[in-house]
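sharing a sequence plus its predicted fold:
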Amino acid sequence: MPEARTPAQIEADIARRRGELAVTLDEIGVRLHPSTIIGDAKAKVTSKVDQTAGRACATAGRIAAEVRAQFVTDEGVPRLERIIPAAMLAVGVVGLLTVARRRRS
């Protein structure tokens, strides 16, 4: 059978538990404070934006490398057989857009 506790032991136990409860309530108060909630939300959004921007940057770099590979050899020599038709197409599109804009005016 467990020993009977003295009033002093009971009071000490109550005081210890009060202290633990006060610490817990302080932690809850900090976690539920609007500035803490806003700070946590900002951190999450910033993290997501950084991840998305990082992926977008990596994708853009990969696409740029792929496009460059279409117009330049591994040695850095321009591939004229691909550059000339692409340039002619670009000039044609710009010309058509210019004519269309003039007709609207």
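Looks like it arrived, so ask away. Numbers count the residues shown, from 1 in each chain.

top helix in this structure by residue count?
helix 34-71 (DSSP state H).

what ranges of the protein fall below the confidence cut-off?
1 (pLDDT under 70).

tell me what the host helix or strand of residue 26 is packed against?
Assigned by DSSP states H and E, residue 26 belongs to helix 7-32. Contacts defined by 3 or more Cβ pairs under 8 Å, 6 or more residues apart in numbering; DSSP states H and E place helix 7-32 against no helix or strand at all. Yep, even glycine has a C-beta here, placed from its N, CA and C like the rest.

that helix vs helix 34-71, what angle?
With axes from the mean of the first three to the mean of the last three Cα atoms, to 10 degrees defining the directions, helix 7-32 sits at 40 degrees from helix 34-71.

tell me how far helix 7-32 lies from the chain's centre.
40 Å (Cα atoms, centre = their mean, to the nearest Å).

what's the answer for stretch 93-103, then?
40 Å.

check which helices and strands the host helix or strand of residue 97 sits against.
Per DSSP H and E: residue 97 is located in helix 80-104. In this structure, helix 80-104 packs against helix 34-71, with contacts taken as 3+ Cβ pairs under 8 Å, 6+ apart.

the helix it packs on versus helix 80-104: what angle between them?
120 degrees.

elements contacting helix 34-71?
Using 3+ Cβ pairs under 8 Å, 6+ apart as the contact test, the elements touching helix 34-71 are helix 80-104.

run through who's touching the helix it packs on.
For helix 80-104, contacts defined as Cβ atoms under 8 Å, 6 or more residues apart in numbering pick out 70, 71.

starting at the chain centroid, how far to that helix?
That offset, for helix 80-104, works out to 38 Å (Cα atoms, centre = their mean).
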